[in-house]
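*Asks:* return a 3D structure for these sequence lines:
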Amino acid sequence: MPDGLRIDLARLRADLEALGRIGRNPDTGGLDRVSFSDADMEGRRHVQGLMEEAGLETSMDGAGNLSGRWNVGKGPVVMLGSHLDTVPDGGMLDGALGVLAALEAVRTMKEAGLAPACPIEVIATSEEEGRFGGMFGAQALAGTVTPEWLETARDDGGTRLADAMRAQGMDPRKALDAKRPEGSIAAFLELHIEQGPVLEQTGKPAGIVTGISGVFNWTIRLTGEANHSGTTPMDMRRDAFQGLADFARQIPELIAESGSNVSRLTIGKVSLEPDFPHTVPGRAEFTLVARDIDEAVMQALADGARRRIAEVAARHRLDHEIVETSWLPPFPCDGSVIATLQAAARSLGLDAPLMPSGAGHDTQVLGAIAPAGLIFVPSVAGISHAPGEFTEWKDIEAGANLMLHGAMRLAGL
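*Replies:* Predicted coordinates:
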């Protein structure tokens, strides 16, 4: 085991900064590479070029997953990577760091003349950020995408996933062919920014994730009656916004009743109709995203939320509808991969504590078909999904080296 081997931080930084110019909003400094946009596909082509320069065999499957394979050794692959799409006005590191650090790890091994016992594949998954309600690329690899979902999934603007793919010259039906054969992946390893404040506050350069919170995503519609705001008495209104506000104020009570200390419930997007200052809102549509590390707690939160929404609707004389766009169960990272990462951290002299993840990641989907692990690096001020997202370069170096040495051990070096 070449314990002294290290990635080239200057090269990784140059790669990240170059990719970070694709889709950049000049007004905010954020990135707009939402899945299956022109900028998203440009970013994939850019990274494919980097993979080819590194001597990897590249391909893109029917779901838009970009692969760079180092054909060495034999048997199932060790897969390294993350995603390339961003949220609207997102940061430079979320997802991209894991892909480019994986590529840098392979380049480092190749330049050192190492000979892994099995092939190593760098993967850049598609549509991880949930524009269409799931982790599409990873789900396609795991074989959990259905033809029905593929044709009906829409983003919050009404664009269908299938239409977004066709606009990029892709045949949505071919996404069903992206499923990897059973036993073809020996292990999956992902590096990601924490997206929270824990590592920075504790002064740790990296963390090893023990498990990932499950998440469910709902769209809730409350329908009342739009009417004149000056002539409609308060006690005669069917005000959809009042129903929304009534439910929102109950979230702390719902968590206290049915949740845990790691439960998270968020109303992140709201739209009102007619959305006019002098009209009582006749319709409110909003998202509810819930997370917890225990699926039984998730179910209790879902049951409690359904009951409270029904009560709110009855109280305000509203019709209500709940559409579940996704349900991802919690995922425990593989014990053997965790142990491998702990051994790699010791060899590097890194203090990398064990920790949970409150955000969802490709790891939890690919963990259904292969032993999977996740490495975190600190997020400055806990900021992510925003232009101010940043990780100190020394911590990026530490996390990338942990990925490198974890991958070497998983690949038999």
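
*Asks:* how about the residue nearest to residue 76 when sequence neighbours are not counted, secondary structure?
*Replies:* Excluding the flanking residues, the one nearest residue 76 by Cβ to Cβ, 6 or more residues apart in numbering is residue 186, at 4.1 Å. No exception for glycine: its C-beta is placed from N, CA and C like everyone else's. The local conformation at residue 186, judged by DSSP: H, G, I helix; E, B strand; the rest coil, is strand.

*Asks:* residues touching residue 186, list them.
*Replies:* By Cβ atoms under 8 Å, 6 or more residues apart in numbering, the residues touching residue 186 are 75, 76, 77, 78, 118, 370, 371, 410.

*Asks:* want to throw these into CSV with pLDDT?
*Replies:* Putting those into CSV (pLDDT from 0 to 100) gives the following:
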residue, pLDDT
75, 96
76, 98
77, 98
78, 98
118, 98
370, 97
371, 97
410, 98
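
*Asks:* can you tell me which two in these are farthest apart?
*Replies:* 75 and 371 (14.0 Å; Cβ to Cβ).

*Asks:* and those two? Which one has more around it.
*Replies:* residue 371 (19 against 12; other Cβ atoms under 10 Å).

*Asks:* who does whichever helix in the chain runs longest touch, helix- and strand-wise?
*Replies:* Using DSSP state H, we find that the single longest helix of the chain is helix 295-315. On a contact count with 3 or more Cβ pairs under 8 Å, 6 or more residues apart in numbering; DSSP states H and E, helix 295-315 meets strand 214-223, helix 240-249, helix 251-258, strand 283-292, strand 319-328.

*Asks:* and these as a markdown table, adding mean pLDDT?
*Replies:* Formatted as a markdown table, the helices and strands packed on helix 295-315 follow (pLDDT from 0 to 100):
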| stretch | mean pLDDT |
| --- | --- |
| strand 214-223 | 95 |
| helix 240-249 | 98 |
| helix 251-258 | 98 |
| strand 283-292 | 96 |
| strand 319-328 | 91 |
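
*Asks:* can you put those in a markdown table and add mean neighbour count and distance to residue 165?
*Replies:* Output for the helices and strands packed on helix 295-315, formatted as a markdown table (neighbours: other Cβ atoms under 10 Å; distance: least, Cβ to Cβ, whole Å):
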| stretch | mean neighbour count | distance to residue 165 |
| --- | --- | --- |
| strand 214-223 | 20 | 21 |
| helix 240-249 | 20 | 33 |
| helix 251-258 | 15 | 35 |
| strand 283-292 | 22 | 23 |
| strand 319-328 | 16 | 18 |
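
*Asks:* among those, which is nearest residue 26?
*Replies:* Of all the helices and strands packed on helix 295-315, strand 283-292 comes closest under Cβ to Cβ, at 28.8 Å.

*Asks:* the closest one pairs with which strands, parallel or anti?
*Replies:* For strand 283-292, the pairing partners within the sheet under DSSP bridges are strand 214-223 (antiparallel), strand 264-266 (antiparallel), strand 270-273 (antiparallel).

*Asks:* for the second one, list every residue counted as buried.
*Replies:* This points to strand 264-266. Of the residues in strand 264-266, 264, 265 count as buried by neighbour count, 16 or more other Cβ atoms under 10 Å.

*Asks:* in a markdown table: the strands paired with strand 283-292, plus distance to residue 5.
*Replies:* What follows is the strands paired with strand 283-292, written out as a markdown table (distance: least, Cβ to Cβ, whole Å):
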| stretch | distance to residue 5 |
| --- | --- |
| strand 214-223 | 36 |
| strand 264-266 | 39 |
| strand 270-273 | 50 |
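
*Asks:* those strands: which one's closest to residue 320?
*Replies:* Of all the strands paired with strand 283-292, strand 214-223 comes closest under Cβ to Cβ, at 5.4 Å.

*Asks:* just the CA coordinates of that closest one, formatted as PDB?
*Replies:* Provided in PDB are the C-alpha atoms of strand 214-223 (Å, rounded to 0.1, in the frame of the first residue of the first chain):
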ATOM      1  CA  GLY A 214     -34.600   9.000   4.300                       C
ATOM      2  CA  VAL A 215     -36.700  11.700   2.600                       C
ATOM      3  CA  PHE A 216     -40.200  12.000   1.300                       C
ATOM      4  CA  ASN A 217     -41.300  14.800  -1.000                       C
ATOM      5  CA  TRP A 218     -45.000  15.900  -1.300                       C
ATOM      6  CA  THR A 219     -46.900  18.500  -3.300                       C
ATOM      7  CA  ILE A 220     -49.900  19.600  -1.300                       C
ATOM      8  CA  ARG A 221     -52.800  21.600  -2.900                       C
ATOM      9  CA  LEU A 222     -55.500  23.400  -0.800                       C
ATOM     10  CA  THR A 223     -58.400  24.700  -2.800                       C
END
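
*Asks:* C-terminal to that strand, what's the next element?
*Replies:* Per DSSP states H and E, the first helix or strand lying C-terminal to strand 214-223 is strand 227-228.

*Asks:* hmm, back to that, what angle sits between the longest helix of the chain and strand 319-328?
*Replies:* Helix 295-315 and strand 319-328 are oriented at 170 degrees to each other (axes from the mean of the first three to the mean of the last three Cα atoms, to 10 degrees).

*Asks:* confirm residue 211 sits in a strand?
*Replies:* Yes. In this structure, residue 211 lies within a strand as judged by three-state DSSP.

*Asks:* and it, how many neighbours?
*Replies:* 20.

*Asks:* wait, what's in contact with the residue lying closest to residue 369 once chain neighbours are set aside?
*Replies:* Closest residue to residue 369 apart from its sequence neighbours, by Cβ to Cβ, 6+ apart: residue 142 at 5.1 Å. For residue 142, the contacting residues are 179, 180, 365, 366, 368, 369, by Cβ under 8 Å, 6+ apart.

*Asks:* what do you get for residue 9?
*Replies:* Residue 9 neighbours (Cβ under 8 Å, 6+ apart): 393, 396, 397, 400.

*Asks:* whichever of these end up buried, select them in ChimeraX.
*Replies:* Here is the ChimeraX command that selects the buried residues among these (16+ other Cβ under 10 Å):
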select :396,397,400
